[in-house]
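>>> quick check, what structure comes out for this input:
(one chain, ligands or ions: 2)
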Amino acid sequence: MKRIRTDICVIGAGSGGLTVAAGAAQLGASVVLVEGAEMGGDCLNHGCVPSKTLIAAARRAHVLAEAGAVPGQNMAEVADRIQAVIAAIAPMDSQERFEGLGVIVIRDWGRFVSKTELEAGGCVITARRFVVATGSSPVVPPIPGLAEVPFLTNETVFALRETPRHLLVIGGGPIGLELAQAHRRLGAEVTVIEAGKALGREDPEAAAVVLEKLRTEGVDVREGAAAQRVSREGDDILLHLEGETLRGSHLLVAVGRAPNLERLNLKAAGVAHERTGITTDSRLRSSNRRILAVGDVAGRGQFTHLANHHAGLVVRRAVLGLPVRLRDDHVPRVTYTNPELAQVGLTEAEARKAHGASVTVLRLPYADNDRARAEGQETGFLKLVVRRGRPIGVTIVGAQAGELIALWSFMISSRARLSALSGTVLPYPTLSELSKRAAGAYFSPKLFDNGLVRRIVGIVQRLLP
Ligand SMILES: Cc1cc2nc3c(=O)[nH]c(=O)nc-3n(C[C@H](O)[C@H](O)[C@H](O)COP(=O)(O)OP(=O)(O)OC[C@H]3O[C@@H](n4cnc5c(N)ncnc54)[C@H](O)[C@@H]3O)c2cc1C
Ligand SMILES: NC(=O)c1ccc[n+]([C@@H]2O[C@H](COP(=O)([O-])OP(=O)(O)OC[C@H]3O[C@@H](n4cnc5c(N)ncnc54)[C@H](O)[C@@H]3O)[C@@H](O)[C@H]2O)c1
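Ligands and ions are numbered 1, 2, ... in the order given. A predicted model of the protein is given here:
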């Protein structure tokens, strides 16, 4: 068996792994990248990219339908468009590009054989540092009968070339709801079964705005509904709930994602893990200090930008030897339903629990924003949670919430004071003014209902010539 010695060996060529490999190679480290399936990982092939392309096609269909035009969206064309967008982005993540950067790319599943060696593609790789970036896979819940029916996951749903007649969705998280709304807008009847609360991790008031819109568009979202059994009747799939049976043409399972650990043989490497992923410290080191974990497999959240953030820290530490400390209070998340739901930092409930009465919560409706009015986008609100003059959490539900949250991620990551934003000039009329008005609303009562300020103004006015 061939032996390779390298500075960095990255396992998994998805969002996190590719960022580590590109950064390390470009800084001059020797890098081996091991990938068992497609280059680009989940985000490119079965996640963010296809889902956002599908959502965009569905939005166009919805706008046309609202304008009275016959939607006429052809699902085969949508599927082709999804593949075209993936193909357009793929060269950035390709084996050729990485080999061009000097990376040795091995297309095989990697498996640790000792605390210092990984086996893949007929080679034994010894590395100064291993970076595990193997991502996650859809969880298949233990619902009786599920294994006997054909069901979709994020790995197969984007290949559909016909609009499902009736799509049944198990799971009311971001994947379930983004795909439910998109398919509804593309003409499918859609029912979502959620065992608990849909978007249950989000601010409940904001989640309610999304759910109301989905329901208005005809998505049947059932909360507190557990599937007891699944069966088949002809081409139909039957979802048996307590006291009711739903009949659909397709079934999508979106009940969460589990870390990809099985193939790694972590025991041989002395790497501890939990159900959520590899156990890591604040520098993303595992119980074997030469082995680090980034992205979904690190069990600290499942977002592409988080995987990239982890990767940046690992490059800083493992390649440049600089100090790092993981921080996640500034990592945003966005659910790309319409309206979008974006969050950074603490939700109102989390902030009140952590800091009690020392937090101030401000809430601004989109309807108060001139641009939102002009665009007919009055649904939604921005909620700002402040502590000691600094934002510690922001929830935005409404048009372009995912774009608007960027400013707040910056504010929180740079630990900026609200006064920095209230003193900024923003263009009128933009949705961004919502953020500035929220910052202003924090100061208004302090300024306008303040006896001391009034007395000072009285003195100043008497003194002014
Ligand atoms: C439908 C859907 C929509 C999403 N939308 C968004 C979104 O809009 N925004 C967002 O931020 N996030 C989104 N996500 C989440 C995002 O895709 C993931 O958080 C991200 O891809 C994680 O990156 P990663 O590098 O950890 O793993 P991945 O990108 O999944 O890469 C892991 C790679 O490792 C490989 N691998 C696994 N085991 C081994 C092994 N033993 N040896 C070699 N290779 C191995 C896999 O084949 C894979 O290519 C979405 C996910 C889904 C499913
Ligand atoms: N826009 C984005 O950034 C985006 C989009 C999609 C996915 N993702 C990432 O992928 C992760 C996984 O998404 P997801 O939606 O699959 O998982 P999730 O864990 O966020 O949501 C799954 C939902 O399914 C429910 N559920 C679990 N078992 C069930 C059962 N047997 N019957 C009915 N409901 C059940 C849960 O209560 C939960 O609400 C997300 O947490 C997110 O980090 C991100």
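>>> so where does the residue in the stretch 351-465 of the chain that ligand 1 sits nearest to fall, helix or strand?
Proximity of the stretch 351-465 of the chain to ligand 1 (CB to the nearest ligand atom) peaks at Gly402, 8.6 Å away. Heads up, the C-betas are built off the backbone N, CA and C, glycines and all. Assigned by DSSP states H and E, Gly402 belongs to helix 401-413.
>>> pull out the buried residues from that helix.
Ala401, Gly402, Leu404, Ile405, Leu407, Trp408, Ser409, Met411, Ile412 (16 or more other CB atoms under 10 Å).
>>> now those as CSV including distance to ligand 2 and pLDDT?
As requested, these are exported to CSV (distance: CB to the nearest ligand atom, whole Å; pLDDT from 0 to 100):
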residue, distance to ligand 2, pLDDT
Ala401, 11, 98
Gly402, 8, 98
Leu404, 15, 98
Ile405, 12, 98
Leu407, 18, 98
Trp408, 16, 98
Ser409, 14, 98
Met411, 20, 98
Ile412, 18, 98
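>>> which stretches of the protein aren't confidently modelled?
70-73 (pLDDT under 70).
>>> how is it partitioned into domains?
The record's domain parsing of the chain by automatic domain parsing lists 2-39+94-138+258-319, 146-255, 333-448.
>>> so for Asp80, which of those sits nearest?
domain 146-255 (8.6 Å; CB to CB).
>>> now do the same end-to-end measure for that closest one.
13 Å (CA to CA, to the nearest Å).
>>> from here on, count from 357
Done: numbering now begins at 357, and the last item shifts to domain 502-611.
>>> what sits against the residue nearest to Lys553 when sequence neighbours are not counted?
Closest residue in space to Lys553, ignoring its immediate chain neighbours: Glu579 at 5.7 Å, by CB to CB, 6 or more residues apart in numbering. Counting by CB atoms under 8 Å, 6 or more residues apart in numbering, Glu579 touches Gly528, Glu550, Gly552, Lys553, Ala554.
>>> out of the residues you listed, who's nearest Ser642?
Nearest member of the contacts of Glu579 to Ser642, counting by CB to CB, is Gly552, at 31.3 Å.
>>> surely the closest one touches Ala582?
No - using CB atoms under 8 Å, Gly552 is not in contact with Ala582, being 9.3 Å away.
>>> looking at these two, which one has more neighbours?
Ala582 (14 against 11; other CB atoms under 10 Å).
>>> give me the neighbour count for the residue nearest to that one when sequence neighbours are not counted.
Of all residues not flanking Ala582 in the chain, Ala551 sits nearest, at 4.9 Å (CB to CB, 6+ apart). If you count neighbours by other CB under 10 Å, Ala551 ends up with 17.
>>> show me the strands in the stretch 707-821 of the chain, by range?
Assignment of strands within the stretch 707-821 of the chain using DSSP state E, counting those that start in this stretch yields the ranges 715-721, 736-743, 746-754.
>>> same list (the ones you listed) but as CSV, adding mean neighbour count and distance to ligand 2.
Compiled in CSV, those are given as follows (neighbours: other CB atoms under 10 Å; distance: least, CB to the nearest ligand atom, whole Å):
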stretch, mean neighbour count, distance to ligand 2
strand 715-721, 16, 23
strand 736-743, 23, 17
strand 746-754, 25, 14
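>>> those strands: which one's closest to Pro506?
strand 746-754 (34.9 Å).
>>> neighbouring strands for the closest one, and are they parallel or not?
The pairing partners recorded for strand 746-754 under DSSP bridges are strand 696-701 (antiparallel), strand 736-743 (antiparallel).
>>> once you drop chain neighbours, what's closest to the residue in the stretch 357-506 of the chain that ligand 1 sits nearest to?
Closest contact between the stretch 357-506 of the chain and ligand 1, by CB to the nearest ligand atom, is at Gly370 (1.9 Å). Excluding its sequence neighbours, the residue lying closest to Gly370 (CB to CB, 6+ apart) is Gly397, at 2.0 Å.
>>> flag every residue of the protein that's near ligand 2.
With CB under 6 Å from any ligand atom as the criterion, the chain meets ligand 2 at residues 497, 526-532, 534, 549-552, 556, 582-583, 610-613, 658-659, 689-692.
>>> out of these, which touch ligand 1?
Residues of the residues of the chain next to ligand 2 in contact with ligand 1 (CB under 6 Å from any ligand atom): Ile531, Gln658, Phe659, Tyr692.
>>> these: which two are farthest apart?
Between all members of these, the farthest pair (by CB to CB) comes out as Gln658 and Tyr692, at 14.5 Å.
>>> what parts of the stretch 407-556 of the chain come near ligand 1?
The stretch 407-556 of the chain comes close to ligand 1 at residues Ser407, Lys408, Trp465, Gly466, Ala489, Thr490, Gly491, Asn510, Ile531, as judged by CB under 6 Å from any ligand atom.
>>> mind listing what the first one touches?
If I follow you right, that is Ser407. By CB under 8 Å, 6+ apart, the neighbours of Ser407 are Asn510, Phe514, Ile531, Glu534, Leu535, Ala538, Tyr692.
>>> so it is in which element?
Using DSSP H and E, Ser407 maps to helix 404-422.
>>> so which of the strands paired with strand 746-754 comes closest to Asp449?
Closest among these, using CB to CB: strand 696-701, at 25.6 Å.
>>> on that earlier part again, so how far is ligand 2 from the residue nearest to Gly370?
13 Å (CB to the nearest ligand atom, to the nearest Å).
>>> ok, that residue - contacts?
Gly368, Ala369, Gly370, Ser371, Gly373, Leu374, Gly403, Asp449, Gly491.
>>> let's go with 10 Å and repeat that
368-374, 391, 403, 449, 489-491, 651-652, 660, 663 (CB atoms under 10 Å, 6 or more residues apart in numbering).
>>> try Thr409
With CB under 10 Å, 6+ apart, Thr409 has these contacts: Val434, Ala435, Arg437, Ile438, Gln439, Ala440, Val441, Ile442, Phe514, Ala538.
>>> got it, and Asn616?
Counting by CB under 10 Å, 6+ apart, Asn616 touches 367-368, 370, 392, 398, 465, 488-493, 633, 652-653.
>>> closest to His596 among those residues?
Ser493 (25.9 Å).
>>> mind checking which helix or strand that closest one is in?
Using DSSP H and E, Ser493 sits within strand 492-494.
>>> can you list contacts of that strand?
370, 398, 402-403, 507-512, 527, 531, 608-618, 632-633, 651-653, 655, 658.
>>> please redo it, this time with the cut-off set to 7 Å
Outside strand 492-494, the residues that touch it by CB atoms under 7 Å, 6 or more residues apart in numbering are Thr509, Asn510, Glu511, Val609, Arg613, Ala614, Pro615, Asn616, Asp652, Val653, Gln658.
>>> ok, for the residue of the stretch 657-806 of the chain found nearest ligand 2, nearest residue in space, not its chain neighbours?
The nearest approach of the stretch 657-806 of the chain to ligand 2 comes at Gln658, 3.4 Å away (CB to the nearest ligand atom). Nearest residue to Gln658 in three dimensions, chain neighbours excluded: Asp652, at 4.7 Å (CB to CB, 6+ apart).
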